[in-house]
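Undergrad: I would like the atomic coordinates for the input below:
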Amino acid sequence: MSFLSFLYRNGLRVSIPVFLLSAVLLVFFISNVVRVVREAPLLSVPLLGEQEIEFAEAGPVVLCIQGPRASLRFANLNFELIGKGAPLEGRRVWFRGRTSGISWVRMEDRSYTIPWTGRYVLQIKGLEPGDAVDSRHQIVFVRPHLGRSIGYVIGIVAASLLFIGSVVLFFLRLKSPDPLS
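TA: Alright, predicted model coming up:
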């Protein structure tokens with residue numbers, strides 16, 4: 001109980017530095033989560049049955065589907081990434097991260113490990129023959145960023161709690177006399 005009484009007695013002196021620190025942390029976490037999501041896309045291709053794509057760097061990538069909200073065009077599609085004649089093993093993403101705008105959604109579907117830079121073939125099975133190419137529906141390959149994004153969101157929540165708590169403590173101490181003295 002002595003910590004709470006100390007905090008209440010020194011509320012004006014404590015709340016202002018905590019307010020400033022939490023505001024700086026909020027700006028830091030929000031700008032970093034926006035930067036991570038903005039830098040994640042590697043390449044984007046239209047929704048075609050088969051096409052060649054080129055990766056400029058090796059490593060883990062995530063295949064995402066991107067299209068208008070509530071689009072059913074991706075239902076029952078199967079994706080296969082082939083490199084040097086052999087299909088790469090893709091794993092289904094268990095926790096499908098989503099990024100969205102006002103009218104579009106990008107959702108993670110499969111993760112791959114690209115063993116070398118160069119050309120690959122992306123095959124999409126389940127498309128109807130003769131479907132017109134629609135620029136609103138795309139396949140996007142991104143760097144994995146879900147873990148970092150979740151970490152930054154947790155930081156945003158924690159900094160927000162500090163921010164709100166410091167404002168409340170400031171106004172509590174500003175308006176009331178000290179009953180503990």
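Undergrad: what are the ranges of the helices in this protein?
TA: For the chain, applying DSSP state H gives helices covering 2-9, 11-39, 146-175.
Undergrad: So which of the ones you listed is nearest Val105?
TA: Nearest to Val105, of all the helices of the chain, is helix 11-39, at 13.3 Å by Cβ to Cβ. C-beta: built from backbone N, CA, C; applies to glycine.
Undergrad: tell me the domain boundaries of this structure?
TA: What the record gives for the chain is the domain set 11-40+145-181, 41-144, from automatic domain parsing.
Undergrad: got the ones you listed as a markdown table, with distance to Leu4 columns?
TA: Output for the domains of the chain, formatted as a markdown table (distance: least, Cβ to Cβ, whole Å):
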| stretch | distance to Leu4 |
| --- | --- |
| domain 11-40+145-181 | 10 |
| domain 41-144 | 38 |
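Undergrad: Now mean pLDDT and distance to Ser5 too, for those domains, in JSON lines please.
TA: What follows is these, written out as JSON lines (pLDDT from 0 to 100; distance: least, Cβ to Cβ, whole Å):
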{"stretch": "domain 11-40+145-181", "mean pLDDT": "88", "distance to Ser5": "5"}
{"stretch": "domain 41-144", "mean pLDDT": "88", "distance to Ser5": "43"}
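Undergrad: now the helices of the chain in TSV, with mean neighbour count and distance to Tyr120?
TA: Converted to TSV, the helices of the chain look like this (neighbours: other Cβ atoms under 10 Å; distance: least, Cβ to Cβ, whole Å):
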stretch	mean neighbour count	distance to Tyr120
helix 2-9	11	58
helix 11-39	15	22
helix 146-175	15	23
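Undergrad: Same list (those) but as a markdown table, adding distance to Asp134.
TA: Formatted as a markdown table, the helices of the chain follow (distance: least, Cβ to Cβ, whole Å):
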| stretch | distance to Asp134 |
| --- | --- |
| helix 2-9 | 58 |
| helix 11-39 | 24 |
| helix 146-175 | 27 |
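Undergrad: Any idea which of those gets closest to Trp104?
TA: Comparing the helices of the chain by Cβ to Cβ, helix 11-39 comes nearest, at 13.5 Å.
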